[in-house]
Each structure stands twice: as structure tokens, then as C-alpha cells.
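Enquirer: sequence first, then the predicted structure:
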Amino acid sequence: MTRHASLQQKTRMVVKNWFNMKRPKSPSLRFYPAEGPIIDVPPTRAPAVGTVVSGSDIQHPLPHEVLNRTTEETVTTTTTTRTRKFAPPPPPVVRKKRKRKRPISPSLVIFRPWLPDPPTEGRVFQNDIGGLLVSCGYGNCTRKREPSHFIPRKNPRDRNEYVDAIAALAVAIEAKDDEAYAKARDAIGRLARKTCDHCMASAKKAAENPDRKDAKCAAEWERMKREVFCPCARCGTNRCPTANHKPDFAKNARAYNKCVKEEGVEVAEGKYPKDERKLEDLSKYRLWAKTSMGGVEGMRREAAKCEPLCGMCHALDPSSNSSNERRADPAKVKREGKTQERFTSAVFHARYSMEKRDFVNAIKRKIGGCERGADCPCDGPSHGVCKAGFEQCYDIDHIVPGIKKCGISKLMNEHRCPATVKPLILAELGLPPDWDVDKDPIPPVAERRCRLLCHNCHMLRKQWDTPPGAAGPSGA
């Protein structure tokens, strides 16, 4: 604030205080000029600041005169004499001068014109010297850390590729290779873990608190698997228990979702109330920890809608997406509500999916059953034998998860023709590219990259087989 502005502010303050001063309670103000008669002026018609009273030489003080007068002034009226006190002007505010930042010398700025343009989207941020920072996506965390804090942990293949990308980034900066730099940067942005090491350690420490809602729901789900949903109601096994919703509740859940899209939430809630439809899988205990889901009490109410099944029987249940009744088939594609282009695309996709599924099922039947060996109890509806109609009860498991390039189920669900996908499936299984499922014998497990396991053994693989470098079940 300049000195002129400060003086203006003080002047306005003094003028405001001058007009707000208490007037004498007499009906009029009487002025005693040096010469001439005494003049009575009503309070409502008091002269303005700086005006001269008619017939006299006296003037009201101007604002700058009020600033310079003494703190006390004697005012005489016809009846009394009293002293007015004026507050002294406030002391000037002394502000510290801000230190200006010295500009960085151009000789200290490292400019690398070979660097590609920084990314405009995503979690990776690039600085002027080629360094990368990755933003954390855990909750409300806004930290940006080095890529080494976001190394993947679950998938060994992603972890190895991520570490190689960090090393390739340093080599590209040293060699000034923009293409290699961009490739390594894109790989880091694609494979970086969502949560940094700091937030993951904090979340792990918080999860150890048994009083948290999600911890209580997790403990309740473990108790249900032991006491409520074991053994299986169809095959009698005690392995891999699941909670399968009964057909009526699963059907109402699908109808509820359709009604929400067409008529809205209020109408859908009236037609399909919560007590008559499936709300959520009981295994997703973190969702049940929400207040709207009801926590442990909500899980117990939802358990009354379910029946105990093992993982293999659950895959055969009509409510499952992998059941024979709900598998892709071009004859089941409906024309209703689709344009000709979308209908044709749906028919082609169903045909491709069916052909790829039949190819993988033929390989499963060629292997014959669970390759765990004598340790497999051969339970489930097919008793350890992979035969027609039970192929979904068996999973393709990578022996060494670190060499896994792509899941077989992912290749089957892609919108690519079977002629393109079949060689990729054979390469992933470790079979020759010219291998014929109808004529050639299946190679032994030692010569392949994958083996066939029943679903129950596959889900419990972490308990009986953890190969070096694996962090748990690899998944097909």
C-alpha cells in the first residue's frame, strides 16, 4: 500500500468517525461566531463538512484538519461545557518487503530438445530434464512419486516388464533416444500400480485393526465359508465353498437392472424390493462394509438367499456366466432392439466366441483331467475327469506365472477371428504352431508352459504349490 493510499484510508476513517460523533441532546446547535449574531441550526440541517456558517467567519474542520488537531477539544454550548475526545490516528502499518527470488542463471538450466512432448493424460508427469513422476490414486492422496514406488506386486510378468521399463528409461536419457524414451514412459504409465508404497503400507496397517467395518465383514465371510456354505449341496465336497444365489433372486436382480435403465430407480425399487433380489456377492466383503449395505447384519440377511456350492458346481449353475445355458451362440442372438449393423456384429462375435471356446474345450478333453496328480481328491461333479459338458470346471494354469504373456480366457473373449487367436493360444500353452487337436497327441507337462487343473485345485494352488517367483494363483 502506498503512502497516498494509506492517507486516503485514514481520511475516510476520520470522516466516518466525525459524522458518527454524538451530538448534544439539545434541539438545536448554537454557534458562536467571532462577529455577528448567534445562529441556531437544527441537528437535521447541520452544515456539511467544510461549509461556512452564514454571517460568520468560522468553518467546520476539514478531514485533514481533524487529523492534525489535538486529542481533546472543548465545546461550549449555552448550558454546559464538555470535552470531546478524539481517538489518535492509528500508527502506520509497516510491511516487510518480500524478497524477490533471484532468477535462475541460464547456464544452470538443463535443456534437452530431444525429449518428446510430455503426456497430456494419465498419471505420468514428465519434467524438463526427462524425469518421471507417477501420481498416487489411493483415496484422496495427491502425492507424486518416482516410478520405483509403484512396482507391481501381484503379477510377476508385469513386475519384470515394469522394472525393465525403468532401466530402459535411464538408458534412453543417456543415449538421447526419443523413441526408446517414449516407449519406456508408456510402459511405466500402463503397468504402474495404482497405490504407492507409502499408501499401501498405511492401508495394510489400518486393515489390521479388527474394529474396522471391512475387517469385521471379512471375518464374517470366513466364518460363513466354514459354517454356513460348507459342504457343497450338490457334490458334497468341502473344498472351495461359495455362496450361490438361488435362481429367483438372481433373476430378479437382472430384471431390476433392466428396469432401472428403462423406467428409473424408484419404479424398479417398487417392483423388485431388496428382500426379493440379489444385492451383491457375499465374497465382496469390502462392499458390504458400506453403511448402505448393512455391514455384517446385511451379509447375514443376504446369506438366507444363497445355497452352498463348490467352485466347480457353481460354474455349472445356470445363473453363472460360464454355464452351458448362457454361453455365446449365434442362434441365441436376438434381433430386437438392434440395428442391422449391431445385429450382424453380435452374430459374428458369438460365432467367433463359440469356435474359440470349442477349440480350447477340445484341448481340455484331450488332456483328460486334473494334472495335479495323486494329490487331487477328484471331487466335484465330474470327479476329476474332464468330459463333454464339464469343461468349465477345469482351468488352464501357467506353471511359472512369470512367463505368462496373456490369459487364455482373455484371448477367447477378444473380438478377433479364430484364425488369428488359435496360434496365440497354442503359443501360450507351449504347443507347436502346427499342432492339430484331432490328430496329434498332447505333449507331457514338462514340455508345456501350462497344465490343466480342476477349479477347486486352481483356487487353492497357493496352499499346495507356490513356484519360485510366484505371488499366488496365476489364473488362466
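Expert: That came through fine.
Enquirer: roughly how far is stretch 422-432 from the heart of the chain?
Expert: Remark: stretch 422-432 is offset 36 Å from the chain centroid, using CA atoms, centre = their mean, to the nearest Å.
Enquirer: next structured bit after the helix or strand harbouring residue 185?
Expert: Using DSSP states H and E, the element containing residue 185 is helix 178-191. Per DSSP H and E, the first helix or strand lying C-terminal to helix 178-191 is helix 197-207.
Enquirer: send the alpha carbons of that next one over as CSV?
Expert: Extracted C-alpha coordinates of helix 197-207, given in CSV (Å, rounded to 0.1, in the frame of the first residue of the first chain):
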residue,chain,number,x,y,z
ASP,A,197,4.3,-47.9,-1.3
HIS,A,198,3.5,-45.3,1.4
CYS,A,199,-0.3,-45.5,1.0
MET,A,200,-0.2,-49.3,0.7
ALA,A,201,1.7,-49.6,3.9
SER,A,202,-0.8,-47.3,5.6
ALA,A,203,-3.8,-49.2,4.3
LYS,A,204,-2.2,-52.5,5.4
LYS,A,205,-1.7,-51.2,8.9
ALA,A,206,-5.2,-49.9,9.0
ALA,A,207,-6.6,-53.2,7.8
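Enquirer: got the contact list for the helix holding residue 185?
Expert: Outside of helix 178-191, the residues within contact range by CB atoms under 8 Å, 6 or more residues apart in numbering are 114-116, 119, 122-124, 126, 130, 132, 134, 147, 152, 158, 161-162, 165-166, 168-169, 171-173. In short, each C-beta sits where N, CA and C put it, glycine included.
Enquirer: separation between the closest residue to residue 296 other than its chain neighbours and residue 407?
Expert: Excluding the flanking residues, the one nearest residue 296 by CB to CB, 6 or more residues apart in numbering is residue 220, at 4.9 Å. Distance, residue 220 to residue 407, by CB to CB, to the nearest Å: 31 Å.
Enquirer: how close does the nearest residue to residue 118 once chain neighbours are set aside sit to residue 182?
Expert: The shortest distance from residue 118 to any non-neighbouring residue, by CB to CB, 6+ apart, is to residue 126 (3.9 Å). To residue 182, residue 126 is 10 Å away according to CB to CB.
Enquirer: roughly how far is the helix holding residue 185 from the heart of the chain?
Expert: 23 Å.
Enquirer: output the below-cut-off pLDDT ranges for the protein.
Expert: Applying pLDDT under 70 to the chain flags residues 1-89, 96-112, 466-476.
Enquirer: list the contacts of the most centrally placed residue in it.
Expert: The centroid of the chain falls nearest to residue 137 when counting by CA atoms, centre = their mean (6.0 Å). When the contact criterion is CB under 8 Å, 6+ apart, the partners of residue 137 are 123, 194, 195.
Enquirer: so what does the longest helix along the chain touch, helix or strand wise?
Expert: Counting residues, the longest helix found in the chain (DSSP state H) is helix 340-367. Helix 340-367 is packed against strand 394-398, helix 408-413, helix 418-429, with contacts defined by 3 or more CB pairs under 8 Å, 6 or more residues apart in numbering; DSSP states H and E.
Enquirer: quick check: angle from that helix to strand 394-398?
Expert: Compare the direction of helix 340-367 with that of strand 394-398 by axes from the mean of the first three to the mean of the last three CA atoms, to 10 degrees and you get 80 degrees.
Enquirer: domains in the protein, as residue ranges please.
Expert: Residue ranges for the domains of the chain, per automatic domain parsing: 3-85, 113-203, 214-326, 340-464.
Enquirer: put together TSV for those, with distance to residue 95 on each row.
Expert: Below are the domains of the chain laid out as TSV (distance: least, CB to CB, whole Å):
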stretch	distance to residue 95
domain 3-85	11
domain 113-203	33
domain 214-326	51
domain 340-464	64
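Enquirer: between those domains, which one is closest to residue 333.
Expert: Closest approach to residue 333 among the domains of the chain is made by domain 340-464 (4.9 Å; CB to CB).
Enquirer: on that earlier part again, out of the contacts of residue 137, which is most surrounded?
Expert: Within the contacts of residue 137, most neighbours by other CB atoms under 10 Å means residue 195, with 18 neighbours.
Enquirer: spatially nearest residue to that residue, not counting backbone neighbours?
Expert: Among residues not flanking residue 195 along the chain, residue 138 sits closest, at 4.2 Å (CB to CB, 6+ apart).
Enquirer: so that neighbour makes contact with residue 198?
Expert: No - using CB atoms under 8 Å, residue 138 is not in contact with residue 198, being 9.1 Å away.
Enquirer: still on that earlier bit, quick one: distance of the longest helix of the chain to the chain centre.
Expert: Between the centre of helix 340-367 and the centre of its chain there are 34 Å (CA atoms, centre = their mean).
Enquirer: how about stretch 121-129?
Expert: For stretch 121-129 - counting by CA atoms, centre = their mean - the centre lies 20 Å from the chain centre.
Enquirer: do the same with stretch 170-187
Expert: 29 Å.
Enquirer: buried ones in the helix holding residue 185?
Expert: Within helix 178-191, the residues that count as buried by 16 or more other CB atoms under 10 Å are 181, 182, 184, 185, 187, 188, 189, 191.
Enquirer: farthest pair within those residues?
Expert: Going by CB to CB, the pair spanning those furthest: 181 and 191, at 16.3 Å.
Enquirer: can you map out the strands along this structure?
Expert: Ranges of strands in the chain, per DSSP state E, are 29-31, 39-41, 72-76, 81-85, 124-126, 132-135, 144-145, 241-245, 306-310, 394-398, 450-454.
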